[in-house]
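**Student:** Show me how the following folds:
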Amino acid sequence: MSGDGPKGPSRIVKWVRQDPGGSPPPKRAEGPEPKRPEGARPRTPEAQPARPGARPGRGQRQTVEAGTPWESSVGYSRAVRVGAAVHVSGTTAIDTDGNLVGRGDPYMQALQALRNIEAALHAAGARLEHVVRTRIYVTNIEAWEKVARAHSEVFDAIRPATTLVEVGRLIDPDMLVEIEADAIISD
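**Tutor:** This next block holds a predicted model:
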């Protein structure tokens with residue numbers, strides 16, 4: 001999903017025990033999540049705060065939240081790590097103040113989206129060098145070379161598998177580029 005929100009990219013990290021049976025998590029009640037007092041434990045017993053530098057163990061799932069309004073309403077995370085695999089959701093050019101960077105400029109939007117992806121990877125214990133796949137969505141295929149230039153500046157030495165496609169529109173009409181990334185931590 002688009003955006004990284006006013007709280008900035010990739011600030012909240014939690015680990016959740018994965019259900020070995022693969023059943024979906026229980027449905028959450030409608031409405032905003034109630035605020036917990038400072039220092040209170042998370043609502044579900046499966047949620048645990050991540051330890052700096054720690055890796056999720058077998059059967060654990062680490063999520064990275066950016067604080068966007070879409071995360072709770074749609075039910076997704078900026079990134080998810082299970083074992084050595086990290087998947088970063090579609091990411092746009094929203095800065096840490098919640099503003100769109102590069103309005104009207106696909107190159108600048110792509111660069112900011114890639115910075116946001118790098119922050120999400122870092123929060124999940126990964127680096128750009130671990131990225132094995134990116135998917136790039138543009139609202140105007142005529143701008144592909146500008147977007148590709150930004151991607152190349154970040155990934156030229158890494159060379160992940162990549163797809164670039166045109167879409168009808170993104171969640172905000174001023175957003176021109178959205179990028180997803182998958183990484184495998186190999187060290």
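**Student:** Show me the longest helix that occurs in this protein.
**Tutor:** Counting by DSSP state H, the longest helix found in the chain is helix 106-123.
**Student:** Give the buried residues for it.
**Tutor:** For helix 106-123, a neighbour-count test (16 or more other CB atoms under 10 Å) marks 106-121, 123 as buried. Heads up, the C-betas are built off the backbone N, CA and C, glycines and all.
**Student:** In PDB, could you pull the C-alpha coordinates for it?
**Tutor:** The C-alpha coordinates for helix 106-123 follow below in PDB (Å, rounded to 0.1, in the frame of the first residue of the first chain):
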ATOM      1  CA  PRO A 106       8.800  10.600 -11.200                       C
ATOM      2  CA  TYR A 107      12.600  10.500 -10.700                       C
ATOM      3  CA  MET A 108      12.500  12.200  -7.300                       C
ATOM      4  CA  GLN A 109       9.500  10.100  -6.200                       C
ATOM      5  CA  ALA A 110      11.300   6.900  -7.100                       C
ATOM      6  CA  LEU A 111      14.400   8.000  -5.100                       C
ATOM      7  CA  GLN A 112      12.300   8.800  -2.100                       C
ATOM      8  CA  ALA A 113      10.400   5.500  -2.300                       C
ATOM      9  CA  LEU A 114      13.700   3.700  -2.500                       C
ATOM     10  CA  ARG A 115      14.900   5.600   0.600                       C
ATOM     11  CA  ASN A 116      11.800   4.500   2.400                       C
ATOM     12  CA  ILE A 117      12.300   0.900   1.300                       C
ATOM     13  CA  GLU A 118      15.900   1.100   2.600                       C
ATOM     14  CA  ALA A 119      14.600   2.300   6.000                       C
ATOM     15  CA  ALA A 120      12.000  -0.500   6.200                       C
ATOM     16  CA  LEU A 121      14.700  -3.100   5.300                       C
ATOM     17  CA  HIS A 122      17.000  -1.700   7.900                       C
ATOM     18  CA  ALA A 123      14.200  -1.900  10.500                       C
END
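**Student:** for it, packing partners?
**Tutor:** In terms of contacts (3 or more CB pairs under 8 Å, 6 or more residues apart in numbering; DSSP states H and E), helix 106-123 is packed against strand 79-82, strand 85-91, strand 131-138, helix 144-155, strand 177-184.
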